[in-house]
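Peer 1: Next come a sequence and a model predicted from it.
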Amino acid sequence: MDSHSKNVKKALNTHVFNELDLSQTEIEQFAEMISKKSKQTKKEKKRFKILLPAAAVLFLVFLTGILLNLFISESENQTASIEEKAELIYGEPIVIPEIEGFDILFSAITMLPAQKDQPSNLTISYGKEKGELDSNFNNEQKRKSWEEQQNSILLHGPYTGENVISIQYRKGTVELGGGTGERKIMNGMAVHYEYLQRDAGDFVIAVINSDQSSYSVEMFITNRFTLEDSDKILEEITKQLQNQ
């Protein structure tokens, strides 16, 4: 600030304080109070700048938690609904595995050709990017027509999406065809599996026998779903079967 500006500021200050009829001590106290108030305001602004990003982060965490709960709730409702329908047809408890990060796109029970009231196998298909209900199944007449043609009972879907995992449940134990592949114990259960490379693509097939029933698992290997991922899925399935 130049000397002229300082003189103008001093004159204005003197005029203002003279109008207020304050003593020199009161003027100094008033100036000190204004100074403290200014510093306090700056601190509050700084504190607000710090708190605003923190509040945004907390809101994001809160929103993520809500979405996660909604996803888990929807997944549990899917599996519970399919289990309930399947148990009515099979007449025994059935575990439908819940696979984190995957939606159930399709589920149906194929009936025995000679005994249409007896179930043969239960199929559950899991995938990502679940879309709308397939337009070929968007009314009761279309669903009934498909069931008659396929000798099946439709339990869920089918929905559009990228099919990654398919599980078939059957009564009785089965063995992996060809006598090849490897065996390992996962969560106390024997798993017979094999990695296959074909022109149509790479995939892992596995068989898990559980008491008087079996689960056959087929997983398509891609850049987005690796062999390591398939091992994690088998670990999760056997864990849920053991805890039934």
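Peer 2: Here it is on my side, so go on. Numbers count the residues shown, from 1 in each chain.

Peer 1: where does the closest residue to residue 201 other than its chain neighbours fall, helix, sheet strand or coil?
Peer 2: Spatial nearest neighbour of residue 201, excluding adjacent residues (C-beta to C-beta, 6 or more residues apart in numbering): residue 220 at 6.1 Å. C-beta: built from backbone N, CA, C; applies to glycine. Here residue 220 is strand, with the state taken from DSSP: H, G, I helix; E, B strand; the rest coil.

Peer 1: got the phi/psi numbers for residue 161?
Peer 2: Note on residue 161: backbone dihedrals following degrees, to the nearest 10 are phi 150, psi 180.

Peer 1: For this protein, just list every one of the helices.
Peer 2: Remark: helices assigned in the chain by DSSP state H are 3-20, 24-90, 140-150, 227-242.

Peer 1: Pick out the shakiest of the ones you listed, pLDDT-wise.
Peer 2: The minimum mean pLDDT among the helices of the chain belongs to helix 3-20 (a mean of 48).

Peer 1: Give the burial count for residue 134, as a bare number.
Peer 2: 15 (other C-beta atoms under 10 Å).

Peer 1: Surely it touches residue 154?
Peer 2: No - the criterion here is C-beta atoms under 8 Å, and residue 134 misses it with residue 154 at 10.8 Å.

Peer 1: What score does residue 221 have for pLDDT?
Peer 2: 96.

Peer 1: tell me the contacts of it?
Peer 2: Residues in contact with residue 221 (C-beta atoms under 8 Å, 6 or more residues apart in numbering) are 195, 201-204, 227, 230.

Peer 1: filter those residues to the buried ones?
Peer 2: Buried members of the contacts of residue 221, counted by 16 or more other C-beta atoms under 10 Å: 203-204, 230.

Peer 1: I'd like those residues as CSV, with distance to residue 236 appended.
Peer 2: Converted to CSV, the buried ones among the contacts of residue 221 look like this (distance: C-beta to C-beta, whole Å):
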residue, distance to residue 236
203, 18
204, 14
230, 11
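
Peer 1: Tell me the one among those residues nearest to residue 81.
Peer 2: residue 230 (26.4 Å; C-beta to C-beta).

Peer 1: The closest one against residue 219, yeah?
Peer 2: Yes - with contact defined as C-beta under 8 Å, residue 230 counts as touching residue 219 (4.7 Å).

Peer 1: so what sits against both of these two?
Peer 2: In contact with both residue 230 and residue 219: residue 204, using C-beta under 8 Å, 6+ apart.

Peer 1: How confident was the prediction at the closest residue to residue 99 other than its chain neighbours?
Peer 2: Spatial nearest neighbour of residue 99, excluding adjacent residues (C-beta to C-beta, 6+ apart): residue 126 at 5.4 Å. As predicted, residue 126 sits at a pLDDT of 97.

Peer 1: okay but residue 126 is in contact with residue 159, surely?
Peer 2: No - the pair residue 126 / residue 159 is not scored as a contact, 11.0 Å apart, by C-beta under 8 Å.

Peer 1: The two: which is more packed in?
Peer 2: Neighbour totals were compared for residue 126 and residue 159, and residue 126 leads with 24 against 18 (other C-beta under 10 Å).

Peer 1: Now for the closest residue to residue 98 other than its chain neighbours, how many residues are close by?
Peer 2: Among residues not flanking residue 98 along the chain, residue 79 sits closest, at 5.2 Å (C-beta to C-beta, 6+ apart). Neighbourhood size, residue 79 [other C-beta under 10 Å]: 19.
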